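>>> from the sequence below, what's the structure:
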Amino acid sequence: MSWTLSNLRREFDWLLKRCLRWSAPVVRRPVGEIARFLERLSEAELRRYHALSEVYDLTRFAATCTVTELFQSIDRLDLLDQHVGATPPGGLDVGALNWTYLPALTAFKPGPWLGIELDGFQRYVSMDTRGAQARHRASQFPDATYRVQDVHTVEGQWGLVTWFFPYVTPGPLISAGLPDRFFDPVAMLKHVWSLVAPGGTLFVMNVDLNEDGYQREIFDRAEIEVTQLGRIVSVFDDDDDENHGWVAIKPEL
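Reported below is the predicted structural model:
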């Protein structure tokens, strides 16, 4: 354990969160009618939405998502559609947070999904927790399961493993309040890679070009052959993000 004052404080906060797991009831207000969402879209967004709706079942998006969640879900679906091909059965989402984009995952790859989040007891101003929100969403999708768990303890193999915004430098991990002992990006990537089934795909998305460079080094150190996508763009992303992506396909046995 690192004995810096910052890390000791984060260790204490971590212990406190693990002890205080109670969550207030989750209260959400889904869009309800998709027409209300479509009215917000630009012409380019509307064209892309209709193109995706011809390939994927989007009927549950409005019934399960708020406006913000719907934008995020359709954004993630757009990126997956652009960059991920057919994969073997089963989906695993690493670092699922509160799983706002679960509808995108289930639309892109119908069937069982498992979401793993280390910091599931993080509490919001609304007094509900990250895990409670995620489980509330998962309850609306019969094949979705969410666990508060260290990914190093996960066993099994999945045809598609998604990993949005892994910690590739200590700064974001510290900002999230996680103790230093959870920062080991090479070992974590090696274990996540072991969870990809033969012929399966690992899809990773980084925040920006700076993290993209660190991610390349981590893939190299883990000795994983990967395709660097560079900047990945969705017409639904209006935050001027410069996300970068990676796709690694595990060889067939």
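>>> so where's the stretch 1-150 of the chain shaky on pLDDT?
The model of the stretch 1-150 of the chain has pLDDT under 70 over residues 1.
>>> just the helices from it, written as ranges.
5-19, 34-38, 43-53, 61-64, 67-83, 102-108, 130-138 (DSSP state H, counting those that start in this stretch).
>>> so which of the ones you listed is the most packed in?
Neighbour counts (mean count of other C-beta atoms under 10 Å) averaged over each of the helices of the stretch 1-150 of the chain peak at helix 102-108, with a mean of 25. To be clear about C-beta, it is placed using only N, CA and C from the backbone, and glycine gets the same treatment.
>>> mind exporting the C-alpha coordinates of that helix to CSV?
The C-alpha trace of helix 102-108 is given here as CSV (Å, rounded to 0.1, in the frame of the first residue of the first chain):
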residue,chain,number,x,y,z
LEU,A,102,-27.0,-0.8,-21.4
PRO,A,103,-29.8,-0.5,-24.0
ALA,A,104,-27.0,0.1,-26.7
LEU,A,105,-25.2,-3.1,-25.7
THR,A,106,-28.4,-5.3,-25.7
ALA,A,107,-29.5,-3.8,-29.1
PHE,A,108,-26.1,-4.3,-30.7
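>>> which elements pack onto it?
Contact here means 3 or more C-beta pairs under 8 Å, 6 or more residues apart in numbering; DSSP states H and E; on that basis helix 102-108 packs against helix 61-64, helix 67-83, strand 91-94, strand 113-117, helix 130-138.
>>> distance to residue 212 added to the helices of the stretch 1-150 of the chain, as TSV?
TSV is the format used below for the helices of the stretch 1-150 of the chain (distance: least, C-beta to C-beta, whole Å):
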stretch	distance to residue 212
helix 5-19	26
helix 34-38	31
helix 43-53	24
helix 61-64	29
helix 67-83	14
helix 102-108	22
helix 130-138	26
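>>> do you know which of those lies nearest residue 151?
In terms of C-beta to C-beta, the element of the helices of the stretch 1-150 of the chain nearest to residue 151 is helix 130-138, at 14.9 Å.
>>> neighbouring contacts of that closest one?
The contact list for helix 130-138 (C-beta atoms under 8 Å, 6 or more residues apart in numbering) reads 23-24, 26, 28, 64, 96-100, 102, 115, 117, 119-124, 144-146, 148.
>>> which members of these occur in strands, if any?
Counting by DSSP state E, the part of those found in strands is 115, 117, 144, 145, 146, 148.
>>> in the sheet, which strands lie alongside the top strand by length along the chain, parallel or antiparallel?
Identified as the longest strand of the chain according to DSSP E is strand 196-206. Note on strand 196-206: by DSSP bridges, its sheet partners are strand 158-164 (parallel), strand 244-249 (antiparallel).
>>> what angle do the helix or strand that comes right after it and strand 244-249 make?
Using DSSP states H and E, the helix or strand that follows strand 196-206 in sequence is helix 209-222. Interaxial angle, helix 209-222 versus strand 244-249 (axes from the mean of the first three to the mean of the last three C-alpha atoms, to 10 degrees): 20 degrees.
>>> in helix 209-222, what's buried?
Buried positions in helix 209-222, judged by neighbour count with 16 or more other C-beta atoms under 10 Å: 211, 212, 215, 216, 218, 219, 222.
>>> ends of stretch 55-66, how far apart?
Terminal residues of stretch 55-66 lie 22 Å apart, using C-alpha to C-alpha, to the nearest Å.
>>> centre of the chain to it, how far?
18 Å (C-alpha atoms, centre = their mean, to the nearest Å).
>>> surely residue 189 meets residue 219?
Yes. Using C-beta atoms under 8 Å, residue 189 makes contact with residue 219 at a distance of 7.1 Å.
>>> pass me the low-pLDDT residue ranges in the stretch 151-253 of the chain, would you?
238-240.
>>> can you pick out the most distant pair from the ones in strands among the contacts of helix 130-138?
The largest distance within those, taken as C-beta to C-beta, falls between 144 and 148 and amounts to 14.7 Å.
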